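**Student:** okay, here's the prediction I keep looking at, along with the sequence it came from:
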Amino acid sequence: MHFTVPDKYRAATLPELSAFVMEAKRRYGRRMIILAHHYQRLEVTEVADFIGDSYELSRVASERNDAEHIVFCGVHFMAESADILSADYQKVYLPNPLAGCPMADMADIDDVLTAWQRLVDLGLAERTLPLSYMNSAAELKAFCGRQGGLICTSSNAKAAFDYVYARADKLFFFPDENLGYNVGRRMGIPDDQIVVWNFRADDGGIDADRLRKARLILWKGHCHVHTNFKPEHVAEVRRRFPGVKVVVHPECVWDVVAAADAVGSTKFIVDYIGAQPPGSIIAVGTEINLINRMAHAHPDKRIFELSGQTCPVCANMYRTTMADLANTVENLDVFDRIVVRDEIKADARLALNRMLEVH
Ligand code: 13P
Ligand code: SF4
């Protein structure tokens, strides 16, 4: 896809861009809402109407029926979900249309259908429900809706697992192996009942007996930002900063999650940091823009990135600049919208509505 920001915005200063956005907000009033994920740049969050984790952002998109224009500062799957959950007269825009999620791209609908067919062939599909992480394409959400499954985010994954196990013996979760494993493990599912479907291998690299025995079938997908955190990083900050609190996102690997003091969605992390007393030392295992914003918002606490080695930036979240946002809000009538195909919309909505119900 070719996408270039017009020179008017490219060459503008941050205060000028902010002024463009604020003027558009004044003009549209409640007819436009700017939503921003917690990983967005500080300046983008400063002009947003609502900042949240992916669950909250979908909820707001489904509730703000008076907003004809939903400007979604996040990544593609989030804007798609907003389009699915909002009414037909509402229009959704992704200010930088190139902002995707590499983890979401690890689960392709054809690969998922191949895995499902294997379960059908082994007579296991009727005892299995699919559960897709929010970080997935709309086709996968529609597949879950059609099969009686649902969607979860990191904030309601446990509730979604409970929903599935109340109705089925097996849970097929994609695309984040780590989130799925972390929830399953905390629920006490033993390792010999958890398998990982490798979409690059024949039959997922799992023999029929193991698949029959499995209660949890995970997908071999991961987030390259969160898997950079290692258990050694947790041990190291504990050694160097006695009394440090470690809080991480559940897309981190199990050994990191198990060693942390707290684990949860981006909203959870923001609330956790806010609840610590002044003088606290907090090492955070998630995306750097959230961490920097928290350090800025809480000068009375020491807040820093957990690894001390890598800069955990989500390049896709970072793609959305103030220039992109100003370009979008000043040109809503011609800016490309995010539109989910009608053929899959209803099924995807079914799965997302189940997600909103099981929080
Ligand atoms: P949250 O749902 O916690 O906001 O996470 C979304 C995400 O993409 C984390 O990498
Ligand atoms: Fe995707 Fe990871 Fe970026 Fe979240 S942080 S949007 S999972 S690449």
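**Tutor:** Right, received. Where do you want to start? Ligands and ions are numbered 1, 2, ... in the order given.

**Student:** mind checking the SS state of the residue lying farthest from the centre of the chain?
**Tutor:** What lies farthest from the middle of the chain is Asp209; by Cα atoms, centre = their mean that is 33.0 Å. Under DSSP: H, G, I helix; E, B strand; the rest coil, Asp209 falls in the helix class.

**Student:** so which bits of the stretch 201-350 of the chain are right by ligand 2?
**Tutor:** By Cβ under 6 Å from any ligand atom, the residues of the stretch 201-350 of the chain that approach ligand 2 are 223, 225, 251, 287, 314, 316-317. (Each C-beta comes from the backbone N, C-alpha and C, glycine too.)

**Student:** rewinding a little: quick one: the residue farthest from the centre of the chain and Gly184, what's the gap?
**Tutor:** In this view, Asp209 and Gly184 are 19 Å apart by Cβ to Cβ, to the nearest Å.

**Student:** returning to what we had before: show the pLDDT at the residue farthest from the centre of the chain.
**Tutor:** Among the per-residue scores, Asp209 shows a pLDDT of 98.

**Student:** buried set for the helix or strand where Asp271 lies?
**Tutor:** Asp271 belongs to helix 266-275 when assigned by DSSP states H and E. Using 16 or more other Cβ atoms under 10 Å as the burial criterion, the residues of helix 266-275 that qualify are 266-270, 272-273.

**Student:** tell me the helix or strand right after that helix.
**Tutor:** Downstream of helix 266-275 (by DSSP H and E), the next one is strand 281-285.

**Student:** could the C-alpha coordinates of the following helix or strand past that next one be exported in PDB?
**Tutor:** The element immediately downstream of strand 281-285 (helix or strand, assigned by DSSP H and E) is helix 288-297. Extracted in PDB, the C-alpha atoms of helix 288-297 (Å, rounded to 0.1, in the frame of the first residue of the first chain):
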ATOM      1  CA  ILE A 288       8.200   1.700  25.800                       C
ATOM      2  CA  ASN A 289       5.700   4.500  24.900                       C
ATOM      3  CA  LEU A 290       3.400   3.400  27.700                       C
ATOM      4  CA  ILE A 291       6.300   3.200  30.100                       C
ATOM      5  CA  ASN A 292       7.600   6.700  29.200                       C
ATOM      6  CA  ARG A 293       4.200   8.200  29.500                       C
ATOM      7  CA  MET A 294       3.800   6.700  33.000                       C
ATOM      8  CA  ALA A 295       7.300   8.000  34.000                       C
ATOM      9  CA  HIS A 296       6.200  11.400  32.800                       C
ATOM     10  CA  ALA A 297       2.800  11.200  34.700                       C
END
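
**Student:** ok, helix 288-297 near ligand 1 or not?
**Tutor:** No. Helix 288-297 is not in contact with ligand 1 by Cβ under 6 Å from any ligand atom; minimum separation 8.9 Å.

**Student:** starting at the chain centroid, how far to that helix?
**Tutor:** Offset of helix 288-297 from its chain centre (Cα atoms, centre = their mean, to the nearest Å): 18 Å.

**Student:** can you name every helix or strand that that helix contacts?
**Tutor:** Contacts defined by 3 or more Cβ pairs under 8 Å, 6 or more residues apart in numbering; DSSP states H and E place helix 288-297 against helix 42-47, helix 266-275, strand 281-285, strand 302-305.

**Student:** so what touches the second one?
**Tutor:** I take that to be helix 266-275. 37-39, 52-56, 154-155, 245, 247-249, 262, 264, 282, 284, 286-287, 290, 294, 298, 301, 303 (Cβ atoms under 8 Å, 6 or more residues apart in numbering).

**Student:** same question for the shortest one.
**Tutor:** Contacts of strand 302-305 from elsewhere in the structure, counted by Cβ under 8 Å, 6+ apart, are 241, 273, 280-285, 288, 291, 294-295, 311-312.

**Student:** pLDDT (mean, whole number) over it?
**Tutor:** What strand 302-305 shows for mean pLDDT is 98.

**Student:** Lys158 contacts Arg186, doesn't it?
**Tutor:** Yes. At 7.4 Å, Lys158 and Arg186 qualify as touching, with contact defined as Cβ atoms under 8 Å.

**Student:** helix, strand, or coil at the residue lying closest to Pro278 once chain neighbours are set aside?
**Tutor:** With sequence-adjacent residues excluded and distances taken as Cβ to Cβ, 6 or more residues apart in numbering, Pro278 is closest to Asp300, at 4.1 Å. Three-state call for Asp300 (three-state DSSP): coil.
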